[in-house]
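1. quick one: sequence and predicted model below, then my questions.
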Number of protein chains: 2
Amino acid sequence: MVIKKFDPWSVVDVEDYGKLIEIFGIEPLTEELLNELPFLNRYFARRIVFGHRDFQIIVRAIKENKEYAVMSGIKPSGIFHLGSKMTAEQIIYLQRLSPKAKVFYAIADIEAWEDNGIPFEKSVKYALENIADLITLGIDLKRTYVYFQSRELRVMRWGYFFARGITYNLLEAIYGEKHLGMYMSAMVQVGDILLPQHPDFGGPKPTVVPVGADQDPHIRLTRDLSKKYFRKFNFIPPAAVYHKLQWSLKGPGFKMSKRDPMSYITLKDSLPEVKRKIMNAYTGGRETAELQRKIGGQPERCAVYQLIMYHFDDENRVKKIYEECKQGLRLCGECKREVAEIFAKWLENYQRRRESNLDKARQVVDYALSRS
Amino acid sequence: MVIKKFDPWSVVDVEDYGKLIEIFGIEPLTEELLNELPFLNRYFARRIVFGHRDFQIIVRAIKENKEYAVMSGIKPSGIFHLGSKMTAEQIIYLQRLSPKAKVFYAIADIEAWEDNGIPFEKSVKYALENIADLITLGIDLKRTYVYFQSRELRVMRWGYFFARGITYNLLEAIYGEKHLGMYMSAMVQVGDILLPQHPDFGGPKPTVVPVGADQDPHIRLTRDLSKKYFRKFNFIPPAAVYHKLQWSLKGPGFKMSKRDPMSYITLKDSLPEVKRKIMNAYTGGRETAELQRKIGGQPERCAVYQLIMYHFDDENRVKKIYEECKQGLRLCGECKREVAEIFAKWLENYQRRRESNLDKARQVVDYALSRS
């Protein structure tokens, strides 16, 4: 087990992810495997990516300079928040690892409809925003296939195809009690994940899906189905890399929630908004300043520390914040102000670039719409 | 109620269909409505079509020379049997009622996969055979849109669309406990039935679906959904006409079954086969010839009489068979031979014409395949 509890990079929900590894068979990311990668991004280096399934097939493809696919997507139901940013940066990293990597990016408008009641036409608006972020974060569009689920005949057809024989009991066990549309949407997602291996795209190939740990049931179901239909399609079971989830700004145990904008930061928030959210975030501070100076803070319970550790590259500065907090040399007020400044500065620059990418995003969306 | 028990045309399962009318709100076909039609086919004239929903919207469209759609299809899992022939003849009749009628004909390859495990590629072979029958029975191809479900983006998309919010309880109540694929296939069928009203086909229009009485749950579900999404699509709830089912050759209470070829006749059966099946069919004969001569036979319980009554146009001859049977003037052996001869003669001619239509059928199928 590579995850240790008290270092600057491994402070989140360690036990829970350990369970995923023990019970569901996600493999831990070993030093050995990491050492074989040409370079690491922040999430890999800091073990925010904590596990994988079959990632060695991708490592091998990179080494042998062979084609592989990076499959992911977005439910177009809102503006990118820091969680969506994390997944997007993973996609981009996995694409950059090799010139032979191709990204398949699903605009999950069927899921947005089933889950959030967003009509397909309205998804287009969000898709535009989401693609602008994907571009700004650094995707190589020349090696990216962007599509709308509701306009991609192949994934819709495969959704119907793979549903044969799937029992209600299985669905309930995986997804809980949901309405038919949600289950159907899950089957489309199976189609999404296997799309890179469709004959139209050259057939079987190594594929990796970067996901949050909570998405593993989808991955397991898809891998099972890829084996069930091996004789027909020769599928290679898709690999996955799993990252820890980012908490709500309310702290550990809370999830970001659309209903509470103070719980998350989006990439279109205004700078004053972002500062206000960070200043109101949950920290790992002690009851009194005096106590904190004496026994130190708890970065492992701090939403503000998580923010900077997940999203800020400068390793030395992050380490310094961690150490100062642990040693009681830094109080929460000043720390929040510092992190808010760092964030606001980054966001200001980001939003300027994002704005300049909207036209390009529109072209991508128009092209995706024109194909069906 | 128009259905009377003892006349040559109303001998099948009268009580059961009466219940459908009482409980589920299927309306009986009144003389009044029938009188408004330009002409009747055998099924309407003989009240094998026993009920409808909203059929007056079609009658009105015919009178006002306005466009309407006839929607139907086939599960491509075998050769047309006499039941499929009945539905096909209904489609063709409803098309002939007006030059403004347009047929939408679904090759239900998604259903064939979910229900029978027939891969989409294999459906093509059956589709070819089925279309050859449709042509031979007299469809006007110039006014017919034939498509494969698995290649028709719009019905697949609508399948996903209409599934939102449909609960497992509702599905179980309508269809019984089925696997996910069967439920998804039912949603595609909703898409099929509403396809004529898709904006791409000119939007809302009167539509009629000719179906066997057992298909009413589909019709009810689709009508409910057409009302639920009225504000979005302005759907006109699809009308339906219901025909009685044809029994198995084993007699009343039996259903035709793929596992028992002696239970049904297909349009590709050889002439000796057909004769053998008819000679082995269940009749309404009495225990002894003597008794039959004395009290007469029971055409209302006779699979051979049903065959001739459902499928043979010559009204006087059918009436004669009925009367002679009732009066004990005709025994089952000779009757079977006569019916077998009539059938074989018809089938011989039919199969010759069918053969000559295979090329045309291939063009229709190729065109349907080329569109996606």
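-> Looks like it arrived, so ask away.
2. low pLDDT regions in the stretch 1-150 of chain A?
-> Low-confidence segments of the stretch 1-150 of chain A (pLDDT under 70): A:1-16, A:23.
3. could you verify that residue A:262 is part of a strand?
-> No: counting by DSSP: H, G, I helix; E, B strand; the rest coil, residue A:262 is located in no strand; its state is helix.
4. tell me which element residue A:190 is part of?
-> Assigned by DSSP states H and E, residue A:190 belongs to helix A:180-194.
5. can you check residue A:304 too?
-> Using DSSP H and E, residue A:304 falls in helix A:303-311.
6. picking that back up, could I have the CA atoms of the helix holding residue A:190 written out in PDB?
-> Taking C-alpha atoms only, helix A:180-194 is exported to PDB below (Å, rounded to 0.1, in the frame of the first residue of the first chain):
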ATOM      1  CA  LEU A 180     -35.600   3.600 -16.300                       C
ATOM      2  CA  GLY A 181     -33.900   6.600 -17.900                       C
ATOM      3  CA  MET A 182     -31.000   6.500 -15.400                       C
ATOM      4  CA  TYR A 183     -30.400   2.900 -16.100                       C
ATOM      5  CA  MET A 184     -30.500   3.500 -19.800                       C
ATOM      6  CA  SER A 185     -28.100   6.300 -19.400                       C
ATOM      7  CA  ALA A 186     -25.700   4.000 -17.600                       C
ATOM      8  CA  MET A 187     -25.900   1.700 -20.600                       C
ATOM      9  CA  VAL A 188     -25.000   4.600 -23.000                       C
ATOM     10  CA  GLN A 189     -22.000   5.200 -20.800                       C
ATOM     11  CA  VAL A 190     -20.900   1.600 -21.400                       C
ATOM     12  CA  GLY A 191     -21.200   2.500 -25.100                       C
ATOM     13  CA  ASP A 192     -19.100   5.600 -24.500                       C
ATOM     14  CA  ILE A 193     -16.300   3.800 -22.800                       C
ATOM     15  CA  LEU A 194     -16.100   1.100 -25.500                       C
END
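7. quick one: mean pLDDT for that helix?
-> Confidence for helix A:180-194, expressed as mean pLDDT, is 97.
8. could you check the angle the helix or strand following it makes with helix A:180-194?
-> Using DSSP H and E, the helix or strand that directly follows helix A:180-194 along the chain is strand A:207-212. On the basis of axes from the mean of the first three to the mean of the last three C-alpha atoms, to 10 degrees, strand A:207-212 is oriented at 130 degrees to helix A:180-194.
9. flag every buried residue along strand A:207-212.
-> The neighbour-count check on strand A:207-212 (16 or more other C-beta atoms under 10 Å in any protein chain shown) flags A:207-211 as buried. C-beta here means a position set from N, CA and C on the backbone, and glycine is covered the same way.
10. quick one: the strands in the stretch 1-150 of chain A?
-> Counting by DSSP state E, counting those that start in this stretch, the stretch 1-150 of chain A has these strands, from start to end: A:27-28, A:49-53, A:68-74, A:101-107, A:144-148.
11. turn the ones you listed into CSV, including mean neighbour count and distance to chain B.
-> Shown next, in CSV, are the strands of the stretch 1-150 of chain A (neighbours: other C-beta atoms under 10 Å in any protein chain shown; distance: least, C-beta to the nearest C-beta, whole Å):
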stretch, mean neighbour count, distance to chain B
strand A:27-28, 14, 30
strand A:49-53, 24, 24
strand A:68-74, 25, 16
strand A:101-107, 24, 14
strand A:144-148, 21, 10
